[in-house]
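Trainee: Kindly return the folded structure for what I paste below:
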Amino acid sequence: MTDVSEWKNWSGLVTARPEHTVTPPDVGAVVAEVERARAAGTTVKMVGTGHSFTAIAAPEHTMLRPQGLTGIVAVDRDAMTVTALAGTQLKHLNADLEALGLSLHNMGDIAEQTLAGAISTGTHGTGGVAAGLAAQVVGLELVTGTGEVLRATETDNADVLAVARVGLGALGVITKVTFRVEPLFLLEATEQPMRWDEALASFDQMTAESHHVDMYWFPHTDRLLTKRNDRLDAEPSEASPVPRLRAWLDDDLLSNKAFGALTAAANLAPRAIPPMNRVNARILGARTYSDVAHKVFVADRDVVFREMEYAVPREAGLSALREARAALDASDLTVSFPVEIRVAPADDIPLSTASGRDSFYLAFHTHRRADHTAYFALMEPIMRAHGGRPHWGKVHTRQADGLAPLYPRFEEFLAMRDRLDPDRVFANGYLRRVLGP
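Mentor: Residues are numbered from 1 along each chain as shown. So this is what the prediction gives:
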């Protein structure tokens, strides 16, 4: 199917109008489009669901839509792996895995992304043995810039797998992804409001004692919401989820509908934001519940926002957070969205933000109708001063010459790009900025 249409990402920050749009039904159709683009000297991009805030997936000429490449295609219970077509959304993979009695080890709190988009941008959760989705990948199929269908596993084309798990869409069109999975397990979530000093003083202890820890600081207040997720030695049938009424009140009404309405209104009256944040920080109280993993990891996010996230070395994290608060307090800016705080163990993927080092993530958000530029410009130099690496799918201003020193294996990635896409069939403006021509 071919048509011409405008493409826009979820946050509305990026738009593109490709000249050629295709929904390939199989890998052969992907190959045909790549070969056609290469012969014509043009470019092609698979766009995913547009949940990146950057233009990493923005098509310049040919846009491939992922809807024709969805679903699980193989389950290996001996190896404990599951292979799915790369256009599958995470939320659908999670549901299908649950039906099979299986689960991913870890994931972020949004599950709208396609598998290819999520791993290619370095999407991650917090804590665990592997925080990033890409670190759970043990196999890939991708169409290279020369039209080759290349299969990479831990034994075949292992050098490609090592690099392409976080490939930024620069190495090929990923068509299949194989994840290492686990038996379905329960998580117990403990959500607790804390004051600033208490939360920061106990953060290291919380991360040492719990499997997954997430914190949210409400700007202009002294309060944070902490969330600790711990594995239970229990059967999925023993789950004790949030009661339906409480879930509707806390998660649907307060965290989405009411929060969205308040933050939208606050854009028109910025002076109301600090007192509004103080009220919001007090509304959400403590609660404990348990459920199958993905239902605890993932949260609905109906309010459209814009985001910048940086990964600083784990040991620098609390200092960077304190400096971020001090800078915001000293400014005349008002920010209605919480700052999210997470941690990740080191992994071995060249362009993962946790590559080679334990990491501390700081994510800064604004409402989509608020001007994010001054806020992000205030925070970014602080993150850079601590050796921060920007999330590839979230707003940042870094360029190739500044990014290369942050990644010891940056040149290895560039060499793989030269090998797999010598004619830059998959290039766009964003990739030229962060990787070079």
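
Trainee: Now Val73: closest residue in space, sequence neighbours ignored.
Mentor: Thr83 (5.4 Å; Cβ to Cβ, 6 or more residues apart in numbering). The C-beta positions use only the backbone N, C-alpha and C, and glycine is treated the same way.

Trainee: partner residues bridging that neighbour?
Mentor: Under DSSP bridges, the beta-bridge partners of Thr83 are Ala74, Thr178.

Trainee: wait, it sits on Ile72?
Mentor: Yes - using Cβ atoms under 8 Å, Thr83 is in contact with Ile72, at 7.1 Å.

Trainee: Pull up the overlap in contacts between these two.
Mentor: Counting by Cβ atoms under 8 Å, 6 or more residues apart in numbering, Thr83 and Ile72 have no common neighbour.

Trainee: For the helix or strand encompassing Pro381, list every residue counted as buried.
Mentor: Taking DSSP states H and E as the definition, Pro381 sits inside helix 373-385. Neighbour counts over helix 373-385 (16 or more other Cβ atoms under 10 Å) mark 375-376, 378-380, 382-384 as buried.

Trainee: where along the protein do the helices fall?
Mentor: With helices called from DSSP state H, the chain shows them at 27-40, 90-99, 115-120, 158-164, 196-209, 244-247, 259-266, 273-283, 293-297, 317-330, 373-385, 400-403, 410-420, 429-435.

Trainee: can you redo those helices as JSON lines with distance to Phe185 and mean pLDDT?
Mentor: Formatted as JSON lines, the helices of the chain follow (distance: least, Cβ to Cβ, whole Å; pLDDT from 0 to 100):
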{"stretch": "helix 27-40", "distance to Phe185": "33", "mean pLDDT": "98"}
{"stretch": "helix 90-99", "distance to Phe185": "11", "mean pLDDT": "98"}
{"stretch": "helix 115-120", "distance to Phe185": "21", "mean pLDDT": "98"}
{"stretch": "helix 158-164", "distance to Phe185": "26", "mean pLDDT": "98"}
{"stretch": "helix 196-209", "distance to Phe185": "18", "mean pLDDT": "98"}
{"stretch": "helix 244-247", "distance to Phe185": "21", "mean pLDDT": "64"}
{"stretch": "helix 259-266", "distance to Phe185": "30", "mean pLDDT": "75"}
{"stretch": "helix 273-283", "distance to Phe185": "31", "mean pLDDT": "81"}
{"stretch": "helix 293-297", "distance to Phe185": "6", "mean pLDDT": "97"}
{"stretch": "helix 317-330", "distance to Phe185": "27", "mean pLDDT": "98"}
{"stretch": "helix 373-385", "distance to Phe185": "34", "mean pLDDT": "98"}
{"stretch": "helix 400-403", "distance to Phe185": "36", "mean pLDDT": "98"}
{"stretch": "helix 410-420", "distance to Phe185": "34", "mean pLDDT": "98"}
{"stretch": "helix 429-435", "distance to Phe185": "36", "mean pLDDT": "98"}
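
Trainee: closest to Asp109 out of those helices?
Mentor: Checking the helices of the chain against Asp109 by Cβ to Cβ gives helix 293-297 as the closest, at 6.4 Å.

Trainee: Give me the helices and strands touching that closest one, please.
Mentor: helix 90-99, strand 186-195 (3 or more Cβ pairs under 8 Å, 6 or more residues apart in numbering; DSSP states H and E).

Trainee: what's the closest of these to Thr155?
Mentor: The nearest among the helices and strands packed on helix 293-297, by Cβ to Cβ, is helix 90-99 at 24.0 Å.

Trainee: what's the distance between that closest one and the middle of its chain?
Mentor: Mean C-alpha position of helix 90-99 versus that of the full chain (Cα atoms, centre = their mean, to the nearest Å) differs by 17 Å.
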